[in-house]
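> For reference, the sequence and a predicted model appear below.
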Amino acid sequence: PTLTTSIQTCSLLDIAPTAMYLAGLPIPDHFPGRVIEEAFEPTFSRRFPKMTLPGNAIPRFEDARYPATESVARSDQEMMENLRSLGYIGGQDTASAPPPDEGVLFSKPEPSLGKAALVTAHTNLAGVHLAAGELQKAEEEILKALELAPGFLAAQMQLFDLRMRQRRYGEAIQIADKFLSRLDPTNTLLLARLASAYKEAGRVDEGIRRFREAFSRGEPGAGVALARLFSFRGDAADAERVAREVLCQDALNEGAMATLFQIAKARGEAASLAPLLEEALRRNQRSVMHLNWLALARQEKGDTRGAEDLLFQALDVHPDHPVTVANLGGLYLASGRSGEALALLARAVQYNPSNVEVRVNFGTALALERRMIEAIEQFEAAVSAGYQDPALYNALARAYAQTGDQEKAALLLQRSLDLKPSQPEI
């Protein structure tokens, strides 16, 4: 096949499913990793579509930031046994072993099973447990790796991810302090999460002081966190200014564009960012997130067909991209195509169960298709996650009314009015 020069971030777990795809073999749904489809021209992917086999789906490693709800499947247990049989854990610690390469999350240890091999083994197993949502097991492996090599970047980043999931935000900040100077400044996802840690810890002003100083020293990565923190504090003008400064240096910086787009969307001005997004896509026409943002900008202008075409382009690059699937489902829902939206939104919820907005959209599509019991399940999950919105309570009330539970419906409408009294129609 013809290869492209633009490949998204991938891991060693992606090699096996990619090889199976090229061999024409079906890939089990539960198989770890993904096919690196962006490496091939869209025409090749359309001519030879990926084939899958049904199985118990588990989150892939690249989606590990989303919490999993199921325990490790049988295939994961077999994989970990294979790791053990290959020498990924166990063996003697030899002081002469070289230190592990920093920044490597998954790599095969040396046959000598020295210190470097053990450190790599523990981080590999931690990655498996994180992907499956087994946080306690992941912590055990991460701490073993850090006991052997306290400065190992991969393990430190895993521990940061773990503390964020555990909502131990102060500890996450302390951990990030140990590796931030060695972090690739293009790792905008981690920098954005660090900004979120400062917010959740109630330390936004402290974070602003820290990253303002770093940004003034010319550290572009600091600008991503600084813009996000300004946004958290409600300083939209400063957030926009910093984000635009970052984009002047790096037009493809996704962290800065995410903040800028969020601000513009809140104002109903997402379409104004079209020139910036089009310029970024001229530099990399396969940037999935920029295709999504431009699609949302087109949708805001009422160009449903143009938005749909852009989302199809994004799916050509990454067919299982959670954001793209959710946005396409949302587009269909907003344009009155709830039947087409259902399958996409169901996939989006499976990819990211913690995304409340996707759940609400899925529930709305189910309600429009008269599947009220399922709609109620999705709406209730959103309420349980802490989502407080009058429109949600109104939708949930209508669903309960359709099932005949008028008492429950009345209670929910009262909650809606408590949040927003000026609803004469209620």
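Now that the structure is in, tell me what you want to look at.

> switch to C-alpha atoms for all contacts and neighbour counts from now on
Fine.

> remind me which residues of the stretch 101-250 of the chain are low pLDDT?
Across the stretch 101-250 of the chain, the ranges flagged by pLDDT under 70 are 101-114, 220.

> How far does stretch 216-236 sit from its chain's centre?
Remark: stretch 216-236 is offset 20 Å from the chain centroid, using C-alpha atoms, centre = their mean, to the nearest Å.

> wait, doesn't Ala385 sit right on Glu357?
No: in this structure, Ala385 is not within contact of Glu357 by C-alpha atoms under 8 Å, at 10.7 Å.

> ok, how many other residues are close to the closest residue in space to Gly268 that isn't next to it in sequence?
Counting by C-alpha to C-alpha, 6 or more residues apart in numbering, Gly268 lies nearest to Glu300, which is 7.7 Å off, once chain neighbours are set aside. Using other C-alpha atoms under 10 Å as the criterion, Glu300 is surrounded by 16 other residues.

> how much space between Glu300 and Ala334?
Separation of Glu300 from Ala334 (C-alpha to C-alpha, to the nearest Å) stands at 11 Å.

> try Val356
On the measure of C-alpha to C-alpha, Val356 and Ala334 end up 17 Å apart.

> In terms of neighbours, single out the busier of the two.
Val356 (20 against 15).

> For that one, which non-adjacent residue is spatially closest?
The nearest residue in space to Val356 (C-alpha to C-alpha, 6+ apart) is Ala382, at 5.4 Å.

> residues in contact with the one you found?
Contacts for Ala382 (C-alpha atoms under 8 Å, 6 or more residues apart in numbering) come out as 356-357, 359-360.

> Where does it sit, in terms of helix or strand?
For Ala382, the host element (DSSP states H and E) is helix 372-384.

> Buried residues, that helix. List them.
Residues of helix 372-384 classed as buried: 372, 375-376, 378-383 (neighbour count, 16 or more other C-alpha atoms under 10 Å).

> One more: stretch 411-426?
Going by 16+ other C-alpha under 10 Å, stretch 411-426 has these buried residues: 412-417.

> Check the burial of Lys199 by counting its neighbours.
Going by other C-alpha under 10 Å, the residues that sit close to Lys199 add up to 19.

> So it sits against Gly234, correct?
No: between Lys199 and Gly234 there is no contact under C-alpha under 8 Å: 11.8 Å.

> need the strands for the protein, in chain order.
Using DSSP state E, the strands of the chain run over 27-28, 52-53.

> weakest of those by average pLDDT?
Mean pLDDT is lowest for strand 52-53 out of the strands of the chain, coming in at a mean of 60.

> how close does Leu411 get to Val356?
Leu411 is 22 Å from Val356, by C-alpha to C-alpha.

> Hmm, I typed the wrong one, I wanted Ala375.
For Ala375, the distance to Val356 - C-alpha to C-alpha - is 13 Å.

> And for Ala266?
In terms of C-alpha to C-alpha, Ala266 sits 18 Å off from Val356.

> repeat for Ala16
Distance from Ala16 to Val356, by C-alpha to C-alpha: 33 Å.

> what's around Glu140, how many residues?
Glu140: 14 neighbours (other C-alpha under 10 Å).

> Could you find the closest non-adjacent residue to it?
Ala126 (7.9 Å).

> Looks like the one you found contacts Ala138 (just checking).
Yes: applying C-alpha under 8 Å, one finds Ala126 in contact with Ala138, separated by 4.4 Å.

> what about those two, which has more around it?
Neighbours around Ala126 and Ala138, counted as other C-alpha under 10 Å, are more numerous at Ala126. The numbers are 29 against 24.

> who's in contact with the more buried one?
137-142, 158.

> Likewise for Leu135?
By C-alpha under 8 Å, 6+ apart, the neighbours of Leu135 are 129, 162.

> Next, work out how far apart it and Glu141 are.
10 Å.

> Can you show me the helices along the stretch 51-200 of the chain?
Secondary structure of the stretch 51-200 of the chain (DSSP state H, counting those that start in this stretch): helices at 74-85, 115-131, 135-148, 153-165, 169-179, 188-200.
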